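>>> Quick one, structure for this:
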Amino acid sequence: MVHIPRAQRLVDALATLPPEHRERLLRSETQLIEHLDKTRAWGV
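Predicted coordinates for the structure are as follows:
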């Protein structure tokens, strides 16, 4: 866990995904973490 100040707005890292892909990632913690790791590695 990390501390995030209440005033800081978080970006939805899944907002640009098609709905079906987003739903699939939200159902699987492992796939979600892998996706976020790849996204970070790409610098997105």
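>>> number of nearby residues for Lys25?
Not quite, residue 25 is Leu, not Lys. 19 (other C-beta atoms under 10 Å). All C-beta atoms are positioned from the backbone trio N, CA, C, and that covers glycine.
>>> secondary structure element for it?
Here Leu25 sits within helix 19-27, counting by DSSP states H and E.
>>> what helices or strands is that helix leaning on?
Packing partners of helix 19-27 (3 or more C-beta pairs under 8 Å, 6 or more residues apart in numbering; DSSP states H and E): helix 29-42.
>>> check contacts around the most centrally placed residue in the chain.
In the chain, the centroid-proximal residue (C-alpha atoms, centre = their mean) is Ala13; its distance is 4.0 Å. Ala13 is in contact with Leu36, Thr39, counting by C-beta atoms under 8 Å, 6 or more residues apart in numbering.
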